[in-house]
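Participant: Here is a sequence together with a model predicted from it:
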Amino acid sequence: MRNIFKVVATLTTGSVFMLASCKKETEAPYDNTNYFPLQTGKYILYDVDSIKHDDFNKTSVSYHSQMRYDVVDSFKDNQGRLSYTINVMWRKNSSQEFVPSDVIQVTKTATGLEWVQGNVRLLKMIFPVAEGANWNGNSAVSTLDPQLDEYMVDKYGWNYKYANLGATYDPGNNPFYNTVTVNEVDETTNVPVGDNYADRNYSQAIYAYGKGLIYKERIYWYYQPNIGYKHGYEVVMRAVEQN
């Protein structure tokens, strides 16, 4: 199961990025790079609910676990920029000890948040944060990585866009104020019934000012009519504790 969570964290995936089209409409009147604060010692704990669709056994199994993102170190990247290492920890439930799951490297510049995980490079945010601004966050994903699903590559509609700037958002346990939503991809082909091929590719992230990533939803599955069942996964991460 941890492989599923690695995919999510990757979404949930410095280097140099070429920015695509960026449309700015309403900019927040403060230093809004702080939607993803970085300092050694910071952590966020997430409840994770996931569903694994297995077309071989024709079953869909639900799982619950926890993940913790710990900022454990800082370093200078190959361009001399201050970057941070985030250790991703995983456990089945709160009675167990965390075990290492993945490592993320994050570089925050004046123009964006660069995210590297599993050798995959993403541009998770652009600055300043502005309602309606859009960009190509997956432009660096030029080849298929065996650790990722096929739909991470740019040609599958990954056009990140800011929405709901300044809104209050409750992931299900407590409200966070002054948030921004990043709609990363929302693609659907057909309905998974009958003789039609179908697929679903969806990803959304929500950040709270001064807190970081508080909600992440990722859906990826496909349906082959000759098999008659979906194959893929659905994952939701909700922040339940942070410092």
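Facilitator: Done, it's in.
Participant: Pull up the pairing partners for the helix or strand where residue 186 lies, direction included.
Facilitator: Using DSSP states H and E, residue 186 maps to strand 176-189. In the sheet, strand 176-189 lines up against strand 160-169 (antiparallel), strand 198-208 (antiparallel) (DSSP bridges).
Participant: Highest mean neighbour count out of those strands?
Facilitator: Using mean count of other CB atoms under 10 Å, the stretch among the strands paired with strand 176-189 with the largest mean neighbour count is strand 198-208, at a mean of 22. For glycine as for every other residue, the C-beta is placed from the backbone atoms N, C-alpha and C.
Participant: Can you point out the buried residues in stretch 46-54?
Facilitator: Buried residues in stretch 46-54, counted by 16 or more other CB atoms under 10 Å: 46, 47, 48, 49, 50, 51, 52, 53.
Participant: Check stretch 235-243 too.
Facilitator: Result for stretch 235-243 [16+ other CB under 10 Å]: buried residues 235, 236, 237, 238, 239, 240, 242.
Participant: As CSV, those residues with secondary structure and pLDDT would be great.
Facilitator: Formatted as CSV, the buried residues of stretch 235-243 follow (DSSP: H, G, I helix; E, B strand; the rest coil; pLDDT from 0 to 100):
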residue, secondary structure, pLDDT
235, strand, 97
236, strand, 98
237, strand, 97
238, strand, 97
239, strand, 97
240, strand, 95
242, strand, 93
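Participant: Below-threshold pLDDT in the chain: ranges please.
Facilitator: In the predicted model, the chain carries pLDDT under 70 at residues 1-30, 142-157.
Participant: immediately after the longest strand seen in the chain, which helix or strand?
Facilitator: Taking DSSP state E as the criterion, the chain has its longest strand at strand 59-76. Moving toward the C-terminus from strand 59-76, the next helix or strand (DSSP H and E) is strand 82-91.
Participant: From the contact counts, what lies against the strand or helix carrying residue 48?
Facilitator: Residue 48 belongs to strand 43-54 when assigned by DSSP H and E. Judged by 3 or more CB pairs under 8 Å, 6 or more residues apart in numbering; DSSP states H and E, the packing partners of strand 43-54 are helix 2-11, strand 59-76, strand 212-224, strand 229-242.
Participant: just checking, what packs against the longest strand of the chain?
Facilitator: helix 2-11, strand 43-54, strand 82-91.
Participant: just how off-centre is it within its chain?
Facilitator: When C-alpha coordinates are averaged (CA atoms, centre = their mean, to the nearest Å), strand 59-76 and its chain have centres 11 Å apart.
Participant: That one: partners in the sheet, and parallel or antiparallel?
Facilitator: Sheet pairing for strand 59-76, using DSSP bridges, gives strand 43-54 (antiparallel), strand 82-91 (antiparallel).
Participant: Now do the buried residues in it.
Facilitator: Per 16+ other CB under 10 Å, strand 59-76 contains these buried residues: 60, 65, 66, 67, 68, 69, 70, 71.
Participant: what do you get for stretch 168-179?
Facilitator: 169, 171, 176, 178, 179.
Participant: which two from the residues you listed end up farthest apart in space?
Facilitator: Greatest spatial distance in the buried residues of stretch 168-179: 171 and 178, 14.6 Å, computed using CB to CB.
Participant: my read: residue 123 touches residue 135, true?
Facilitator: Yes. With contact defined as CB atoms under 8 Å, residue 123 and residue 135 form a contacting pair (6.6 Å).
Participant: what residues are up against residue 214?
Facilitator: Counting by CB atoms under 8 Å, 6 or more residues apart in numbering, residue 214 makes contact with 44, 169, 171, 176, 179, 206, 207, 208, 238, 239.
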